[in-house]
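J.: this one's sequence-less:
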Ligand SMILES: Cc1cc2nc3c(=O)[nH]c(=O)nc-3n(C[C@H](O)[C@H](O)[C@H](O)COP(=O)(O)OP(=O)(O)OC[C@H]3O[C@@H](n4cnc5c(N)ncnc54)[C@H](O)[C@@H]3O)c2cc1C
């Protein structure tokens, strides 16, 4: 049977695209080899943030002692994880309902390429005028001697946990390791983070890492930067991780969070699908792959690995397929957040990236201990930074580290999307006393 559209993967971009095409009367086939809804709903953003809701509530309750509120904190970990799984189920069934449309054929199997323009799944062959790959990424499994075959955790099985591990070793100091590691520590596990880089969140600015490290240590986390792991062993109960300097660490649980690798459909490369230098599906500005009428969106296409990016890719590919060539993979201000405490909210470029891109860039920084709300709430660990173009006054980027900074950074994202300059921000009257009040104060440092 021939379809108007084939979508491989039910991630953040693929689902709404399939649903919109079906609603417009097109015949659509959707392939999903795993759980409907992809990473975000099942093993990513949704469960991790539901988990952090409990973990951060515990952390905040303990931190309240500094402002003379003393709580006896007890985390019912099995119940926390039951709630997380309940939230996953709710979202997943919502996603399943969205795909239950008469014009959508849902194939619950892995799709493989059979030549450049056809797919096979469950022994059946499918042809479509347009194929959109939304296959996402999977947790990377590093080749550490002894690791394979042990019952280690990744984000893919973390949310099946029922009991709290007394001790947890986290391998990886990126956002997934930090969010889940801080979450476990706040739930009561003794957490060690083994990080091959010399600081956590090594892709962010050094003072963002430093603020986060202060907070992680306050939570009792043992941070080991520059850790070179040489062996992992599991004796049936306990993990032992050995470093190059022969230091050993023991724990009941081991969480591996060392990055994510793209899911490439079987047969795709043989059919001529090109990959970029990092192994992701190579696409042009309009999401077109090297195969005719085959497009790729979201994580698998090397886009910044965020749900809102994959979802925004859907809006762009939909417009592009309707003939609007003005939409491209990069016509947006990129923002994202790390949901540790403090949070790291980012928009656009850092100073280093702006200078490297040739901008006449300048940055100003306001420490949070100069913001009234932060002092009043006793949450002064962090800073606000603004990067501007000194020739055009354009806001090029921002790094906000602090309490709920992932919310606050949208002020900058909106300014940037609207083409506002730092002068507009400087003139804005923000409410006293809020964290947001710090943003015009930050811009005033440029006057
Ligand atoms: C722990 C964790 C926390 C995260 N937190 C956040 C966050 O707070 N905010 C944020 O923006 N992002 C977050 N992310 C990232 C976010 O989840 C991903 O960027 C987003 O889900 C990517 O979606 P996607 O549409 O590209 O693909 P995915 O959602 O990964 O979907 C791809 C789907 O394709 C299916 N598939 C793959 N190959 C085939 C095939 N050959 N045939 C059939 N089906 C196939 C897979 O089973 C999967 O269901 C997090 C990720 C993780 C792991």
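T.: Cool, got the structure. Here the structure is a predicted model, which is why all the values come from computation and not from measurement.
J.: ok, the closest residue to residue 357 other than its chain neighbours - contacts?
T.: Leaving out its chain neighbours, the residue that sits closest to residue 357 by C-beta to C-beta, 6 or more residues apart in numbering is residue 349, at 6.7 Å. For every residue, glycine as well, the C-beta is placed using N, CA and C. By C-beta atoms under 8 Å, 6 or more residues apart in numbering, the contact set of residue 349 is 357, 359, 361, 387, 396, 397.
J.: What separation do you get for the first one and residue 392?
T.: To tie it back to what came earlier, the one meant is residue 357. 13 Å (C-beta to C-beta, to the nearest Å).
J.: If I look at the residue of the stretch 151-300 of the chain found nearest the ligand, what pLDDT would I see?
T.: Going by C-beta to the nearest ligand atom, the ligand is nearest to residue 298 of the stretch 151-300 of the chain, at 2.4 Å. Residue 298 is assigned a pLDDT of 98 by the prediction.
J.: For it, the count of nearby residues, please.
T.: Residue 298 has 35 neighbouring residues, counting by other C-beta atoms under 10 Å.
J.: helix, strand or coil for the residue lying closest to it once chain neighbours are set aside?
T.: Closest residue to residue 298 apart from its sequence neighbours, by C-beta to C-beta, 6+ apart: residue 310 at 3.4 Å. Classification of residue 310 by DSSP: H, G, I helix; E, B strand; the rest coil places it in helix.
J.: can you pull the buried residues of the longest strand that the chain contains?
T.: Counting residues, the longest strand found in the chain (DSSP state E) is strand 124-133. Residues of strand 124-133 classed as buried by neighbour count (16 or more other C-beta atoms under 10 Å): 126, 128, 130, 131, 132, 133.
J.: got a list of what the one residue in the stretch 51-200 of the chain that gets nearest to the ligand touches?
T.: As assessed by C-beta to the nearest ligand atom, the ligand sits closest to residue 136 within the stretch 51-200 of the chain, at 2.1 Å. Residues in contact with residue 136 (C-beta under 8 Å, 6+ apart) are 9, 11, 38, 39, 262, 263, 298, 299, 300, 310.
J.: if we go to 7 Å?
T.: 9, 11, 38, 39, 263, 298, 299, 300 (C-beta atoms under 7 Å, 6 or more residues apart in numbering).
J.: Give me every residue in the stretch 101-250 of the chain lying close to the ligand.
T.: Within the stretch 101-250 of the chain, the residues that sit near the ligand (C-beta under 6 Å from any ligand atom) are 110, 111, 134, 135, 136, 137, 155, 176.
J.: Determine which two of these are furthest apart.
T.: Longest distance between any two of those is 26.8 Å, between 111 and 176; criterion C-beta to C-beta.
J.: Which one's more surrounded, the two?
T.: Using other C-beta under 10 Å, the more surrounded residue of residue 111 and residue 176 is residue 111, with 27 against 23.
J.: quick one: the more buried one and residue 38, what's the gap?
T.: 14 Å.
J.: for residue 148, same thing?
T.: From residue 148 across to residue 38, the span is 25 Å (C-beta to C-beta).
J.: quick one, which of those two is more surrounded?
T.: residue 38 (28 against 11).
J.: mind checking how far that one is from the ligand?
T.: 2 Å (C-beta to the nearest ligand atom, to the nearest Å).
J.: Could you report the pLDDT at that residue?
T.: On the pLDDT scale, residue 38 gets 97.
J.: What sits closest to it if chain neighbours are left out?
T.: residue 11 (3.5 Å).
J.: Which parts of the stretch 1-150 of the chain are helices?
T.: Under the criterion DSSP state H, counting those that start in this stretch, the stretch 1-150 of the chain carries helices at the ranges 14-23, 38-43, 45-63, 77-99.
J.: can you redo the ones you listed as TSV with distance to residue 160?
T.: Converted to TSV, these look like this (distance: least, C-beta to C-beta, whole Å):
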stretch	distance to residue 160
helix 14-23	24
helix 38-43	10
helix 45-63	10
helix 77-99	8
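J.: any idea which of these is most buried?
T.: Comparing those by mean neighbour count (mean count of other C-beta atoms under 10 Å), helix 38-43 ranks first with a mean of 24.
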